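**Student:** Have a look at this prediction, sequence included:
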Amino acid sequence: MTHKYLLAGAAAPCLMLAAPVFAQSARSTTEPRPGSTITVTAQRDPLQLDSQAAAGTRLGVTLREIPASVEVLTQDELQLRGLQTARETFNDVVGAIAGNVPGNPAVISMRGFAGNTVSILQDGVRISTSTVVQRDTNTWHYDRVEVLKGPASVLYGEGALAGVVNKVTRRPLLGESRFDALVSVGSFDTVFAAAGTNIPIGRDAAIRADASYRRSDSLYDVDNNDSFSAGLTASASWRPSDAVSLLVAVDHYQDRYDAPYQGLPLIPERFAIRATVAVSSSTGLVADRALRRRNYNPLGAFSGANETTLRSRVDWALGSGWTAALDLTAYTADRQFLLADSQSFVAPTAAFPNGSFRQSYQDFRHDHRFWNARAVVGSDTRLAGLRNRFSIGLEYNDTDFTSLRQTTPATALPAMDILNPAVVPLPTTTAIFTAGNVTFDSKLRQTALFAEDALNLTPAWLLVGGVRWDHIELDRATIQNVTGATDRNSPTFDPVSWRIGTTLEVAPGLTLYAQRTTAVSPVSSILLASIANSRFDLTKGHAEEAGLKVSGWGGRVSVTASAYYIAQRDILTRDPNNLALTVQGGRQSSRGVELTAVASPVAGLRLSGGVSYTDARYDELFELVGGTRLDRRGNRPINVPSTTLTASALYTLADRVTVGGFLRHADAFFTDTANSIRVSGHTVLDASLSLPVGSHATLTLRGRNLTDAFYGEYSGYPATNVYIGAPRSFEVALASRF
């Protein structure tokens, strides 16, 4: 482990010239002025350390003052990098990888943890974990994406052990008329179109509306895998006085993936036609490139979702440094997953000389209803002569979640030839669901009281603290749909989470920070946990982090660096005295370093990048396999590479033409807790060329995966399925702004 830390430290001088690329103005809206085109321009504080991010705190302090790692991707940056979907965006976050697993597209792993330990926020409101709510939505609708890394239960409650992702929707701007649009066409018959407008209504009000549409034969170039996603967002802002502002908004997103891509099924090497080194295993399974485009789902299988959010926010300036805010959010979603659940390889026979797959089938549906109310009172006043920023708040949310879950045995569907899979229809009767036919009916009620404080002991030395108490009531019923038998459980939880940290400006532009935080998380997603799992306590975690944030060289360089340790205890394991009994008591941890930097060494040139190293492991974990208790201690968690790297270079010639190169690298990761299936590391290279068209538009030519790398992106269900990244592709995009 030590030598990798040293390598990461040695890379720091190089990465001083590399991290997220920030173009245009550093205003909080992050949108360019009317009539501008996207170019790389000089800018002070290119990592925007003196701006604010709602994901990190409710105190209104700057990124430089937050004793934590916060990465912000603006809308301008998303367009510069060509990141049009949530999965693409999350994959570009330093230290994170994401995958499009059908049940939870754009699921994200970060800092050695994944799934229900990462929370997704919609404009600062936590709806659920990424395994439940996140879809591969179009990022056109986001003003920015904020990523707070490390435990955040003190801010957002359970399920935020690894961090949070806050998707901040575009909002109206008072007094400005704007219109922007983006149209692109590319490989795999992919078409994207989006537009947005900001319309002022007098001096005190404005409305904004955005729409987006994306379709493709397959984002992964897989057979029979048409995909579609669309979004419609609208909001209105009114400021009747300098002391009061009101925002109301509605967001609607929809998507559908026909015959969802579930990753490439691994097969024994001796039967492979084009065996590759992209995947290796202790049992001889490999990824066969000859099967790269095959789809084994039955005709009519799909994954899709419709979700709508209504939200409002009122802000008051009460005077004498006091403020108040009230957020109201209502969310509804319907999701469906009808697909082949697994593929079991069968050696060649006379009927199937190439070999075949036997498959199970599942029909899962979600009916998700959620509403949230949050009131916060804050102050920016003096305490004993010292500047003190303080907030206290109360939050309540209510979730009704119904999930139909029907599964068949592993051999329910007809056998599929691995090279020439036949198109078979969906099953037409529920009688085949003999492996499982249940309805999960969950009602979740959460009440929280929280407080934060930031005290300036000196103008350069800030002390930050926070505490949150949650009262969680879960009413879970599992209903056997055939017999009507019902099993119920109604646990309650009362976790307390806290944070203490400090920042110190040791020199102009250089700030050091350190913090300790705690967090809680359920043993599995609280809305999808089985009755047995819902009877367990919440797992507990804590983290320590220290780092620095610096900007200098006349404002042309910004760097953030951090070292962290996160530990989680009470994960599920096997009772050493009774192998059949699942108990809490397992432990998992990660420790690592991250560095992000951006620099403009000469006019028109922007170099950026980030590197992350994570040593993640199970410190105590036992599993029961075939009646044998196996020790997983020291193994790496699933979908966690040790090192990730992003880098980019953009150069603008004569203030007109911009040439860009983008590199992403991730080390190897495992698809199972036994670490028996290893997905090799990969490096992907993209490039772009942008030039103005008239005075209001920019034409961009983009190439992705230019080396046509064949690589595993994420693991799926089961562990013997691996998502293969998209092959080489090209795109032409036209962006306009008025």
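**Tutor:** Looks like it arrived, so ask away.
**Student:** Counting neighbours, what do you get for the closest residue to residue 170 other than its chain neighbours?
**Tutor:** For residue 170, ignoring the flanking residues on the chain, the nearest one in space by CB to CB, 6 or more residues apart in numbering is residue 143 at 4.6 Å. Where you see a C-beta, it was placed from the backbone N, CA and C, and this is true even at glycine. By other CB atoms under 10 Å, 19 other residues sit near residue 143.
**Student:** mind checking pLDDT for the spatially most central residue of the chain?
**Tutor:** Central residue of the chain (CA atoms, centre = their mean): residue 108, 4.4 Å from the mean position. pLDDT recorded at residue 108 is 87.
**Student:** what do you get for residue 121?
**Tutor:** Value for residue 121, per-residue pLDDT: 89.
**Student:** Please identify the helix or strand for it.
**Tutor:** strand 118-122 (DSSP states H and E).
**Student:** Please pull out the lowest mean pLDDT helix or strand from the protein.
**Tutor:** helix 2-15 (a mean of 35; mean pLDDT, DSSP states H and E).
**Student:** now the strands for the stretch 451-600 of the chain?
**Tutor:** Using DSSP state E, counting those that start in this stretch, the strands found in the stretch 451-600 of the chain span residues 461-480, 486-489, 492-493, 496-507, 510-521, 539-552, 557-575, 578-599.
**Student:** I meant to write the stretch 601-738 of the chain there.
**Tutor:** Using DSSP E, counting those that start in this stretch, strands in the stretch 601-738 of the chain cover 605-620, 622-625, 628-631, 643-653, 657-666, 669-670, 677-679, 682-693, 697-704, 712-715, 721-724, 729-737.
**Student:** Buried deepest among those, which one?
**Tutor:** strand 712-715 (a mean of 26; mean count of other CB atoms under 10 Å).
**Student:** biggest strand in the chain by residues?
**Tutor:** strand 356-383 (DSSP state E).
**Student:** partner strands of that strand, parallel or antiparallel?
**Tutor:** Partner strands for strand 356-383, per DSSP bridges, with pairing direction: strand 322-346 (antiparallel), strand 386-407 (antiparallel), strand 413-417 (antiparallel).
**Student:** so can I have JSON lines of those strands showing distance to residue 607, mean pLDDT and mean neighbour count?
**Tutor:** Below are those laid out as JSON lines (distance: least, CB to CB, whole Å; pLDDT from 0 to 100; neighbours: other CB atoms under 10 Å):
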{"stretch": "strand 322-346", "distance to residue 607": "39", "mean pLDDT": "93", "mean neighbour count": "19"}
{"stretch": "strand 386-407", "distance to residue 607": "35", "mean pLDDT": "95", "mean neighbour count": "18"}
{"stretch": "strand 413-417", "distance to residue 607": "48", "mean pLDDT": "89", "mean neighbour count": "20"}
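**Student:** so which of those strands comes closest to residue 719?
**Tutor:** With distances scored as CB to CB, the stretch of these nearest to residue 719 is strand 322-346 (10.1 Å).
**Student:** helices and strands around the strand or helix carrying the residue nearest to the centre of the chain, which ones?
**Tutor:** Using DSSP H and E, residue 108 sits in strand 104-110. For strand 104-110, the packing partners by 3 or more CB pairs under 8 Å, 6 or more residues apart in numbering; DSSP states H and E come out as helix 86-91, strand 96-101, strand 118-122, helix 130-133.
**Student:** Please identify the pairing partners of the helix or strand that that strand is followed by and their relative orientation?
**Tutor:** The first helix or strand that comes after strand 104-110 along the chain, using DSSP H and E, is strand 113-114. Here strand 113-114 is paired, per DSSP bridges, with strand 104-110 (antiparallel).
**Student:** and the angle for the strand it pairs with with strand 118-122?
**Tutor:** 120 degrees (axes from the mean of the first three to the mean of the last three CA atoms, to 10 degrees).
**Student:** Centre of the chain to strand 104-110, how far?
**Tutor:** Relative to its parent chain, strand 104-110 has a centroid offset of 5 Å by CA atoms, centre = their mean, to the nearest Å.
**Student:** So what touches that strand?
**Tutor:** Applying CB atoms under 8 Å, 6 or more residues apart in numbering, the external contacts of strand 104-110 come out as 85-87, 90, 93, 95-101, 114-115, 118, 130-132, 134-137, 147, 149, 162-163, 165, 255, 257, 303, 639-640, 714.
**Student:** Kindly report the same for stretch 181-191.
**Tutor:** 79, 84, 140, 192-196, 213-219, 221, 702, 726, 728-737.
**Student:** quick one: terminal-to-terminal distance for that stretch?
**Tutor:** The separation between the terminal residues of stretch 181-191, taken as CA to CA, to the nearest Å, is 14 Å.
**Student:** For it, list every residue counted as buried.
**Tutor:** Across stretch 181-191, burial judged by 16 or more other CB atoms under 10 Å covers 181, 182, 184, 186, 187, 188, 190.
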